[in-house]
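J.: With the input below, show me the fold.
(chains A and B, ligands or ions: 3)
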Amino acid sequence: MSGDCCEHTLLVDDPRLKLVERAMKRLQYQPDALIEVLHTAQEAFGYLSRDLLSHVAAQLKLPESQVFGVATFYHFFTLRPKGEHSCIVCTGTACYVKGAGEILNTLEQAAGIKAGQTTADGRLSLGTARCLGNCSLAPMITIDDTVYGPEKPEGAVDKLNRLLEVPHEQG
Amino acid sequence: MPAITLTINNDLISARQGQTLLEVAREHGIEIPTLCHLDGLEAMGGCRLCLVELQGAPRPVPSCVTKAAEGMVVTTHSDKLVEYRKMLVELLLAERTHTCSICVQNNNCELQTLAAKLGIDHVRFDYLHQQLPMDASRERFALDHNRCVLCLRCVRVCDAVEGAHTWDVRGRGSTSRIVADLDRPWGTSTSCTDCGKCVQLCPTGALFKKGATVGEMKKERSFLNRILERRRLAAQGGTP
Ligand code: SF4
Ligand code: SF4
Ligand code: FES
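T.: Ligands and ions are numbered 1, 2, ... in the order given. Predicted coordinates:
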């Protein structure tokens, strides 16, 4: 197996996946919407896992190798998670109105990075997505594959700290 | 089809509208070296070996993707062009690791033939000495990236003729590689039908039949035009 891809089982009710599904639907599953769909997917998940690429290929009726070719051609896309853990803050309208901006600021300060960046030790990537579609949970965040909401700035920082206390996974 | 007239190597030549310069030249017995081009596959203008000079054009153009036009003045062989072609083949030889003496395709290799015809006896560039992996996971065939020249014949035939589109290219520049599906071992590919078309059209020993030993691999290409001819007939409503 090539070392620059990651397996990641997709869960149907993952809000990040729903965001990608909505993008594909909006673009009417047109094969030439691939790059736009991959952009959405990259923003939602922080990287493009093989399962995600495979899913997008099937939905847009494109050969997997072609999707892989596009995903590896553009520097914007990454195939492995940047940080060991990822935290995405939804900045869609509902979340924003309910304080997503404050959550994001607090998390940025706590982690010492801006959204879109990864900590120097590679433990955490922080990102934003507009909108993860679970507005009833607003303001919501995801940490790795778990959804939290309604969330508060302190609660979000606590959760991240607890996660990062667990020693670095050997690998 | 309307006829046009152009000049190739100082001879006035008539051609049909829509023909490429390569087609016209070949029809008139002028041999232009090619590598990525293969009759029957969509032209892609990748390898640049078929470069020719056009009067008034700032730089040479690939003849496999340039349409002949009325009044064109074309040179297919000049010192400069020969030099460029040599450089191109030398760059290919330097980029991957082509060890002919142990290759299944030895003496039946298009890259080797090209190099010999161009009189290449040494490579002026530093070899990259890449040790790329070999994918021998498929039962009947194998892929040795060290011998791949990225001509994309495999990609094109698998897509357009077999309809499987198993192959594509990952990355860009010197990190480009042929990949099956999502860069999985070819043996686990769910799109490949095992038809062997890619193997037969590969110009080098990059794609080969397992079990072949040094110099044993000969490639059979005639299927391509037969398939395409039958499809043309079928599309016209004739009996295929
Ligand atoms: S064997 Fe046939 S289907 Fe499989 S990759 Fe080659 S051309 Fe495609
Ligand atoms: S594997 Fe062979 S046919 Fe495919 S790109 Fe490489 S050299 Fe060309
Ligand atoms: S044969 Fe024309 S570019 Fe390769």
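
J.: domain parsing for chain A?
T.: Per automatic domain parsing, the domain ranges recorded for chain A read A:15-73, A:85-164.

J.: swap that for chain B, please
T.: According to automatic domain parsing, the domains of chain B span B:3-77, B:85-216.

J.: Show me the one of those that comes nearest ligand 2.
T.: domain B:85-216 (3.2 Å; Cβ to the nearest ligand atom). In short, each C-beta sits where N, CA and C put it, glycine included.

J.: so how far does that closest one reach from one end to the other?
T.: Its first and final residues considered, domain B:85-216 spans 28 Å by Cα to Cα, to the nearest Å.

J.: what mean pLDDT does that domain have?
T.: For domain B:85-216, the mean pLDDT works out to 95.

J.: Now do it: distance to the chain's middle.
T.: 11 Å (Cα atoms, centre = their mean, to the nearest Å).

J.: Next one: it, is it in contact with ligand 2?
T.: Yes. Interface with ligand 2: domain B:85-216 contributes B:148-154, B:178, B:202-204, B:206-207 (Cβ under 6 Å from any ligand atom).

J.: Can you point out the buried residues in stretch B:108-127?
T.: Buried positions in stretch B:108-127, judged by neighbour count with 16 or more other Cβ atoms under 10 Å in any protein chain shown: B:Asn108, B:Cys109, B:Glu110, B:Leu111, B:Gln112, B:Leu114, B:Ala115, B:Leu118, B:Ile120, B:Val123.

J.: do stretch B:95-102 as well
T.: Neighbour count says stretch B:95-102 has B:Glu95, B:Arg96, B:Thr97, B:His98, B:Cys100 buried, by 16+ other Cβ under 10 Å.

J.: Flag every buried residue along stretch A:125-141.
T.: Neighbour-count burial for stretch A:125-141 [16+ other Cβ under 10 Å]: A:125-135, A:137-141.

J.: where's that stretch relative to the chain centroid, distance-wise?
T.: That offset, for stretch A:125-141, works out to 10 Å (Cα atoms, centre = their mean).

J.: distance between the ends of it?
T.: Termini of stretch A:125-141 sit 13 Å apart (Cα to Cα).

J.: Could you do stretch B:179-193 as well?
T.: Across stretch B:179-193, first to last residue, Cα to Cα, it's 16 Å.

J.: try stretch B:211-218
T.: 13 Å.

J.: buried stuff in it?
T.: B:Gly215, B:Met217.

J.: Stretch A:43-63 now?
T.: Neighbour count says stretch A:43-63 has A:43-57, A:60, A:62-63 buried, by 16+ other Cβ under 10 Å.

J.: what do you get for stretch A:35-42?
T.: A:Val37, A:Leu38, A:Thr40, A:Ala41, A:Gln42.

J.: ditto for stretch A:95-103
T.: A:Cys95, A:Tyr96, A:Lys98, A:Gly99, A:Ala100, A:Gly101, A:Ile103.

J.: Take these and keep only those in helices.
T.: Secondary structure from DSSP state H places A:Cys95, A:Tyr96, A:Ala100, A:Gly101, A:Ile103 of the buried residues of stretch A:95-103 in helices.

J.: nearest to ligand 1, of these?
T.: A:Cys95 (45.7 Å).

J.: Grab the nearest non-local neighbour of B:Asp135.
T.: B:Leu143 (4.5 Å; Cβ to Cβ, 6 or more residues apart in numbering or on different chains).

J.: Backbone dihedrals for that neighbour, please?
T.: Per-residue torsions, B:Leu143: phi -130, psi 120 (degrees, to the nearest 10).

J.: my guess is it meets B:Pro133, correct?
T.: No. Look at B:Leu143 against B:Pro133 with Cβ atoms under 8 Å: they stay out of range, at 9.1 Å.
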